[in-house]
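Participant: Fold the following and give me the result.
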Amino acid sequence: MKFPNRETVERVRREYPAGTRVELVRMDDVQAPPIGTRGMVEGVDDTASVMVRWDNGSHLHVVYGEDVCRKVADDREVTVEELLRRYIPSGKAFYFMTPGGYVGLANQDAEKILAGEMKPKGHPGNPEFAMEMEVRELLEFRCKEADVRDEQGVVSALVYRHGRGGCRMNYAEKMERENRLKTNLAEWMIRHGKVLSDRSRSNEYAGVRMVEVLWRGIKWEIVEVDGMVCRIDKCG
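Facilitator: Now for the predicted structure:
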């Protein structure tokens, strides 16, 4: 067998990145999954063979130049719990954007969450403001299988609650959620902290409000433009 050159290997890797859903078209192996079996690409080795985790449990590679698979769209939903159980054995870390904020998990923390030994925390963009959420709440969030990203040792996804209809968020919706989380945090700090100053100014273009608040022993500056929180920074 003649091995493909580096350019061919890199081309196949670009065509079949990890996380791509594929369907088997042909495989010359007595233990091959049935034609039409689907699976998820885990990588491409140095011989340009596509490494696939088939849905029937098989892990046979699609050998370059001999076997054939094709990419398919996948609208199946998968829960966070399924993702953790799938990727923990390979040592992956995790990063989810959830309705409760951003959740980042080291591999060992993901194991503890599955075991019920710790609660996850979500934050609005700054880990200093992380707040606990219930384990089942995180584990039952879900996303489209096709939206899961496995890059540089980190599995990431934008997840939603069951019943959301499985619709994907576009960029504008993601920004709206992020702004809402930031606004909720600012309101919480002002309500439960000590307001040191509250100044407003405006011109013909915009109205700006700057609030200094002492919260958790630290002084913060909250800046709003036309009622939208655009910055929360430490000051002093």
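
Participant: moving C-terminal of the lowest-mean-pLDDT helix or strand in the chain, what's the next helix or strand?
Facilitator: Across the helices and strands of the chain, mean pLDDT, DSSP states H and E gives its lowest value to helix 171-192, namely a mean of 71. Where DSSP states H and E defines the elements, the next helix or strand beyond helix 171-192 is strand 194-202.

Participant: Can you list the buried residues in the helix or strand that that following strand is followed by?
Facilitator: Scanning forward in sequence from strand 194-202 by DSSP H and E, the next helix or strand is strand 207-215. Across strand 207-215, burial judged by 16 or more other Cβ atoms under 10 Å covers 209, 211, 212, 213, 215. Any C-beta I mention is one placed from the backbone N, CA and C, and that applies to glycine too.

Participant: want to try TSV for these, with pLDDT as columns?
Facilitator: Shown next, in TSV, are those (pLDDT from 0 to 100):
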residue	pLDDT
209	89
211	92
212	93
213	91
215	79
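
Participant: for those, which one is nearest residue 161?
Facilitator: Of all the buried residues of strand 207-215, residue 161 sits closest to residue 215, with 28.8 Å by Cβ to Cβ.

Participant: Contacts only, for that closest one.
Facilitator: 189, 192, 193, 194 (Cβ atoms under 8 Å, 6 or more residues apart in numbering).

Participant: Would you mind checking those for buried ones?
Facilitator: 189, 193.

Participant: now, which of the contacts of residue 215 sits nearest residue 126?
Facilitator: Nearest to residue 126 among the contacts of residue 215 is residue 189, at 11.4 Å by Cβ to Cβ.

Participant: So that closest one sits against residue 212, correct?
Facilitator: No: taking contacts as Cβ atoms under 8 Å, residue 189 lies outside contact range of residue 212: 10.6 Å.

Participant: Can you check which residues contact both of the two?
Facilitator: Residues touching both residue 189 and residue 212 by Cβ under 8 Å, 6+ apart: 220, 222.

Participant: I figured residue 213 was touching residue 188, is that so?
Facilitator: No: Residue 213 is not in contact with residue 188 according to Cβ under 8 Å; the separation is 10.3 Å.

Participant: before we move on, the earlier item: taking the buried residues of strand 207-215 together, which two end up most distant?
Facilitator: For the buried residues of strand 207-215, the farthest-apart pair by Cβ to Cβ is 209 and 215; their separation is 16.7 Å.

Participant: For the chain, which segments count as helices?
Facilitator: Using DSSP state H, the helices of the chain run over 6-15, 80-87, 107-114, 135-140, 171-192.

Participant: Return the most buried member of the ones you listed.
Facilitator: helix 80-87 (a mean of 18; mean count of other Cβ atoms under 10 Å).

Participant: Can you give me the domain boundaries for this structure?
Facilitator: The chain is divided into the following domains under automatic domain parsing: 6-71, 77-158, 173-234.

Participant: which one of those domains has the lowest average pLDDT?
Facilitator: Comparing mean pLDDT across these, the weakest is domain 173-234, with a mean of 81.

Participant: how far is that one from where the chain is centred?
Facilitator: Once both centres are worked out by Cα atoms, centre = their mean, to the nearest Å, domain 173-234 turns out to sit 27 Å from its chain's centre.

Participant: Stretch 63-83 now?
Facilitator: Mean-position distance between stretch 63-83 and its chain equals 18 Å (Cα atoms, centre = their mean).
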